[in-house]
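In: Need a 3D model of the following:
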Amino acid sequence: MTRFFNSPFLLGFENLEKLLERTAKHAGEGYPPYNIETAPDGGIAITLAVAGFARDQLAVTVEENQLVIRGKGPEADDKTFLHRGIAARQFLRAFVLADGIEVKSAALENGLLRIDLVRPQNQPSVRTIEINGGIS
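Out: Below you'll find the model as predicted:
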């Protein structure tokens, strides 16, 4: 395990290091193809090409700061193919979400699954900590 956050000035980032390792593990997967774009309202939109999947064959969940999309296509065991170029295999695609990002909606249209995410507005804040006397 590579220690990215071993500086004494980075406190409490152990979970981020675990998320980076988990992300690196899934980085080489290419199915299904997807796009990530910035939405006009400042949010994020993820679009996955899931041609051949029905709505009841797809699942979108949020699990411990991860957006997880699963697809389980129908089995075609009773068919004999001369050529099989359309992928209909099951898949799992995961995206790590930053704290505060929420899933707004998911919609399936024309073989494209679009998931809209809401990004929280950054509110600058300053908090003054009271200094007490004596050692506690």
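In: Select the helix or strand of this structure having the lowest average pLDDT value.
Out: helix 14-26 (a mean of 70; mean pLDDT, DSSP states H and E).
In: Show me what counts as buried in the next helix or strand after it.
Out: Going down the chain from helix 14-26, the next helix or strand is strand 34-38, by DSSP states H and E. Buried residues in strand 34-38, counted by 16 or more other CB atoms under 10 Å: Y34. Heads up, the C-betas are built off the backbone N, CA and C, glycines and all.
In: Send me strand 34-38 as PDB with only the CA atoms.
Out: Output of strand 34-38 as PDB, limited to C-alpha atoms (Å, rounded to 0.1, in the frame of the first residue of the first chain):
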ATOM      1  CA  TYR A  34     -19.800   6.500 -20.500                       C
ATOM      2  CA  ASN A  35     -19.500  10.300 -20.600                       C
ATOM      3  CA  ILE A  36     -19.200  12.700 -17.700                       C
ATOM      4  CA  GLU A  37     -20.200  16.300 -18.300                       C
ATOM      5  CA  THR A  38     -20.800  19.500 -16.300                       C
END
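In: So what touches it?
Out: Identification of contacts with strand 34-38 by CB atoms under 8 Å, 6 or more residues apart in numbering yields I44, A45, I46, T47, L48, A49, R93.
In: By neighbour count, which of those wins?
Out: Among the contacts of strand 34-38, the one with the most neighbours (other CB atoms under 10 Å) is L48, at 23 neighbours.
In: Need the three-state assignment for that residue.
Out: strand (DSSP: H, G, I helix; E, B strand; the rest coil).
In: What residues does it make contact with?
Out: Counting by CB under 8 Å, 6+ apart, L48 touches P32, P33, Y34, I69, R93, L112, L113, I115.
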